[in-house]
Structure formats: C-alpha cells, structure tokens
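Peer 1: Pasting the sequence and the predicted coordinates here, then a few questions.
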Amino acid sequence: MDVITLPEEGGLAGHLASLESENRHLRVLLAQTSLQADAEIARNARLGRIIAAERSASRAEAEALDALHRRDLADGAARLADAEELNLQLRASEEFNRRILWTTTDCVKVLDLDGRLITVSANAPAVFEVEGSAALIGRPWTALWAAPESRAAVAAALEDARAGRPRRFQARLDGAGVTWWDIAVTPIDGADGRPERILAVSRDITESKQNEDRQTLLMQELAHRVKNTLALVQAISAQTLRGAGTLAAARESLEARLLALSRAHEVLLQGTWQSAALADLVATAAALHGGGEADRFAVSGPEITLCARFGLTLALMLHELGTNAAKHGALSRPGGRVAITWAVQGEAFRFRWEESGGPPVLPPARAGFGSRLIERSLAQGAAGRASLTFPPGGAVFTLEAPMASLAAAP
C-alpha cells in the first residue's frame, strides 16, 4: 500500500494557504462564470423573446401576405370571370351582327378611308356579279359602278364620309340587267372621334324605280288620252251641231253620242286603255240599241283585240248605225234584225253591218255624222276602205282594212 507523507507543519501551512488562495481564485472565477452564465441566460431569453416576436411578426406578415395573395387571386378570378363574360357577350354580339350582315336583303359594305372594300354582306357577290366575296375584298368601290353618273355619286359620298358627313343618294348599277339602289354612306369614327372606316348600306329599289317610270309613262299616256278624248268630243259636238235641225235635236244627238263614247271608254278601261275587244264593243252597242231584246242582233266573228284609237272610232260608228237603225231602219220595227259579222282573211280584216226586216230605206239627202266618220276616221285612220249603202232591204256598212293598222300590239 502507498504511504501518504504529510509535509512538515510549516510547509503544510504554506501549502494550505496556497490552496486557499487558489480556492478563492476559483470561487471568484466561479462567481464570474455564474454571472456570465446568468447574463448569457438573460441574453438568450431576450434573444428567444426577439426570435419569438420575429416569428410572430413573420407569421402575421405571412398570414397578411397570404390573405392579400388570396384576395388578389379572388379578385383576379372575378376579373377573369368578368372578362370571360364580356368576351362571351362580345362573341354573341359579333355573331348576331354577322347573322344580320349575312341575312339582310340590303347590300352592306365596310370600306377603308381609301374607299376599298374590307367586309361585304353575303349577297354582295350576287349584286356585283362576281364569284365570292374574295373577288370584292380590296377593290375600290367606285370601280364597280360602270355608269359615269353613278360612279361620280359614289365618289362624292366617299369624300363626304372622309370629312365626317353622311350622305344618301340613288345610283344605277349596270350588269346583266340594270338595277337601281338607294345608298346610305356613313363614317365610322375611331376612338379619337375621327373617321376610320366607312359604312355603305345599299337597298334595291329597282321595282320602285320601275313603278315610278310606269307611273310617269301612265301620266303621260293619260294626258295624251285626255287630249285626244277632248279633241274627239269637240269634233263630235261640232259635227252634231252642224247637222242638227233644232237645238233640241242637237242636244239629244250629242248626249247619245257622248254616252256611246263613254261606253266605249268603259270597254277600253278593261284593256287598261291599250286595247279593246271587238266582241265587247259590239255587245255594248247591241245592248244599247236592242231595246232589251237579245234576238234583234245576230253577232258572229272570231276574237279580235283592237287598238284603243280604232276601238273608239268603231264604237262611235256602231252607235251611229244603231241610232239610225232605231230611228229609220230595221230596229224601228218589231221584226227588224241586224246581222254583225267580221272575219280575218290573210292580213285583211273585214267587218259587216247588215239590216233586214225594217222599212224600205232611202239614201240620206245629205251626208251626216256617220258618213263623215266613215270617210275621215274609219277609212283614213285604218288605211282601208269603208262604205255605207242603203239598199231597199236595209242599211249595209262594210269595212275592210289591214289587220296591222287596227289590231292591238301583242
């Protein structure tokens, strides 16, 4: 076993003193270390609080950022939904406008400021007689109008549209046929309020224009007919007054002749004043002078349509013959009859009025209205031959003329 050797008393005390000094030093170091540890603990605690606070702030900031992000996402989704809805509405509007553009009977065109076609409706190729819309896109609109006055009107309308002024006009389009169009040209303004496109809408008014032309022609024809009728009335009046023995006789004859003229006009009206059926003229005269007895007239002949001028003249002639027959000829007796026949032989028209069963007749002492009507109107106007004879058996009237001079135009 080992043996511990204690130092001597003096040496031991010194050693103990040394140990005590060292222990004090260690206690000081321990106290310092303890203070340092406490300070470190305090510092760590502060750091922990700071870290916790920072973490809490970071979480709050993160939550705030997350909430902001979520809100931004929600706003973005809402804006996207609104944009999609607006886009759907825009597409629906464009589709609706496209259907209008493609189904309207009007010819719709959109042009650039140079007057070149950008968009056309589906009927435009047929209007301008080209194959498909591609043949029109990019072409100057004015080049499609052949008539100089129409091209000038289109150019003037485009000039007005460039200046921001709308214009409406009518133009003739020449192609396989002639068509008329009522055209409205309007500027399309851009965001700056200045024209950036031109809209042209054309409506087909060909039928309306033709109706106007027909109306004008009818008015001119009416004026001509009225003038001729007044001239005829004047001639009838003058001839009647010249041949009448008394004023009462003149009045009676004039009224009867004007009535016959009126009846002839009624027949002409059925042919729109262009023609008159010969059978209708004869039937009107027979009804007027037959006294209500259908068997007093024997009528025979093919269907013939006379021109208006010759129809009026022949109607007056039938009235004169009927009046004379009722006063002095076959129709003045109950058994008297009138045979009216007509025929077409080759290019010649033949008409015959023959009375029978009446009293013996004698030629008139002087030429009356009927004779003058035959000489001046029927024979000369029809470029033919007409005669009125008075054999004892009854008056006979015959007319022969070229069909071309008296028939209505086909």
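Peer 2: Received it, and whenever you're ready, just let me know what you need. Please read these numbers as outputs of a predicted model, since none were measured by experiment. Numbers count the residues shown, from 1 in each chain.
Peer 1: contacts, neighbours, all on C-alpha from now
Peer 2: Fine.
Peer 1: Leu111 pairs with what?
Peer 2: Per DSSP bridges, the residues bridged to Leu111 are Leu117, Ile198.
Peer 1: you'd agree it is up against Pro195?
Peer 2: No. In this structure Leu111 lies outside contact range of Pro195 using C-alpha atoms under 8 Å: 11.2 Å.
Peer 1: all helices of the stretch 251-400 of the chain, in order?
Peer 2: Ranges of helices in the stretch 251-400 of the chain, per DSSP state H, counting those that start in this stretch, are 278-289, 308-327, 369-373, 380-382.
Peer 1: can you redo the ones you listed as CSV with distance to Thr216, mean neighbour count and mean pLDDT?
Peer 2: Putting these into CSV (distance: least, C-alpha to C-alpha, whole Å; neighbours: other C-alpha atoms under 10 Å; pLDDT from 0 to 100) gives the following:
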stretch, distance to Thr216, mean neighbour count, mean pLDDT
helix 278-289, 29, 19, 83
helix 308-327, 20, 22, 79
helix 369-373, 33, 17, 57
helix 380-382, 28, 17, 59
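Peer 1: Tell me who's in contact with the nearest residue to Asp112 once chain neighbours are set aside.
Peer 2: Leaving aside its chain neighbours, Asp112 sits nearest to Arg197 (4.9 Å; criterion: C-alpha to C-alpha, 6 or more residues apart in numbering). Arg197 sits next to 110-113, 187-190 when contact means C-alpha atoms under 8 Å, 6 or more residues apart in numbering.
Peer 1: per-residue confidence for Arg197?
Peer 2: On pLDDT, Arg197 comes in at 95.
Peer 1: Give me the distance between it and Thr246.
Peer 2: The gap separating Arg197 from Thr246 is 83 Å, by C-alpha to C-alpha, to the nearest Å.
Peer 1: Thr105 versus the closest residue to Val338 other than its chain neighbours, what's the distance?
Peer 2: Leaving out its chain neighbours, the residue that sits closest to Val338 by C-alpha to C-alpha, 6+ apart is Glu355, at 4.5 Å. Computed as C-alpha to C-alpha, the Glu355 to Thr105 distance reads 65 Å.
Peer 1: Neighbour count for those two, which is higher?
Peer 2: Using other C-alpha atoms under 10 Å as the criterion, Glu355 and Thr105 rank with Glu355 on top: 23 against 15.
Peer 1: Pretty sure that one sits against Gly335.
Peer 2: No. Using C-alpha under 8 Å, Glu355 makes no contact with Gly335, being 11.0 Å away.
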